[in-house]
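A.B. asks: Need coordinates for the following:
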Amino acid sequence: MGRIKGERVNINANNVSAFFSNRVKKDLPYRYNYTNYQDANPDLVILRDKKEKEKIVPLLEVMDGYSVLDIGCGVGRWGDFFADKKNCNYVGIDYCEEILEIARKHFAGKNNISFQHASFQNVREVLIKANSPALYDIVIINGVMMYINDDDIPCCLRAVKELIRPGGKVYVKESVGKETRLTLSDIYSDELTSNYSAIYRSIYEYNKLWEKYWSDFVIYQHGDLWDENVQNRSETATYYWLFNKN
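C.D. replies: Next up is the predicted model:
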């Protein structure tokens with residue numbers, strides 16, 4: 001279907017899954033590149049990770065013994081931060097088994113780091129079967145919703161409400177359309193040398209979702225994650241929200 005602006009259209013979940021499964025076949029310089037791209041400028045991913053954590057970590061106010069759920073964990077980029085935190089328990093969730101294998105190998109021997117194969121849509125059921133913590137102190141949702149169609153979003157957001165403890169924090173980071181919603185439907189990317197699909201919703205659309213499904217969450221920080229020197233896309237930007245659950 002190509003590039004669609006301003007319209008609500010679905011992307012093919014099988015195409016998204018195939019894209020990530022094929023990423024692991026590439027010879028990329030850094031582990032983070034498998035899920036954070038920038039194939040033409042791989043060092044930018046490392047810089048972005050550094051700047052993101054410098055900005056977000058103080059706002060999360062991580063304490064000893066926290067339990068952390070990372071939905072869409074990819075290769076465990078946030079797991080690198082929590083691995084050495086005293087008594088913290090980190091659970092990473094991703095729907096691409098091949099990507100998870102990279103994460104599992106990297107964190108082998110780290111008893112406080114674990115991973116589960118699940119989609120955002122069935123995350124709660126998978127965690128219950130795995131006897132993972134019933135409630136989490138921090139939930140991270142990092143670049144996931146752009147791959148989920150509108151009809152599936154409500155069940156995902158409701159699951160988060162049931163997984164976060166009262167007083168817990170939720171960190172959402174998403175690529176958003178700068179001017180309007182932009183959908184890429186199985187379009188070929190020269191940079192990624194692959195067909196690619198994603199939904200870049202507007203900030204306005206996301207704020208409406210928070211109002212509808214997370215009315216008992218309070219936004220305590222939000223904004224553009226990076227300045228223009230780091231954000232190198234003309235039609236999309238990277239935006240973040242931090243929530244407290246009442």
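
A.B. asks: Return the residues in contact with residue 185.
C.D. replies: Residue 185 makes contact with 1-4, 9, 11-12, 197, according to CB atoms under 8 Å, 6 or more residues apart in numbering. No exception for glycine: its C-beta is placed from N, CA and C like everyone else's.

A.B. asks: Just the buried residues out of these, in PyMOL syntax.
C.D. replies: Here the buried members of the contacts of residue 185 are turned into a PyMOL selection, burial being counted by 16 or more other CB atoms under 10 Å:
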select buried, resi 4+11+197
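
A.B. asks: Closest one to residue 99 out of the contacts of residue 185, please.
C.D. replies: The closest of the contacts of residue 185 to residue 99 turns out to be residue 197 (CB to CB; 16.4 Å).

A.B. asks: Would you confirm that that closest one contacts residue 18?
C.D. replies: No - taking CB atoms under 8 Å as the definition, residue 197 is not a contact partner of residue 18, at 9.7 Å.

A.B. asks: returning to that earlier point: pick the one among the contacts of residue 185 closest to residue 183.
C.D. replies: residue 4 (4.4 Å).

A.B. asks: roughly how far apart are the nearest residue in space to the closest one that is not next to it in sequence and residue 164?
C.D. replies: Excluding its sequence neighbours, the residue lying closest to residue 4 (CB to CB, 6 or more residues apart in numbering) is residue 183, at 4.4 Å. Separation of residue 183 from residue 164 (CB to CB, to the nearest Å): 29 Å.

A.B. asks: Contact partners for residue 101?
C.D. replies: Here residue 101 is in contact with residue 24 (CB under 8 Å, 6+ apart).

A.B. asks: any idea of the pLDDT on it?
C.D. replies: Reported pLDDT at residue 101 in the predicted model: 93.

A.B. asks: Make TSV from the contacts of residue 185 and add pLDDT and distance to residue 173 to it.
C.D. replies: Shown next, in TSV, are these (pLDDT from 0 to 100; distance: CB to CB, whole Å):
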residue	pLDDT	distance to residue 173
1	65	26
2	87	26
3	86	23
4	91	23
9	93	23
11	93	19
12	90	24
197	91	19
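
A.B. asks: pLDDT score for the spatially most central residue of the chain?
C.D. replies: In the chain, the residue lying closest to the centroid (CA atoms, centre = their mean) is residue 142, at 2.0 Å. Looking at residue 142, its pLDDT stands at 93.

A.B. asks: can you check residue 48 too?
C.D. replies: 88.

A.B. asks: Kindly report the same for the one 10 residues further on.
C.D. replies: The predicted local distance difference test score for residue 58 is 96.

A.B. asks: Give me the distance between it and residue 235.
C.D. replies: Relative to residue 235, and taking CB to CB, residue 58 is found at 30 Å.
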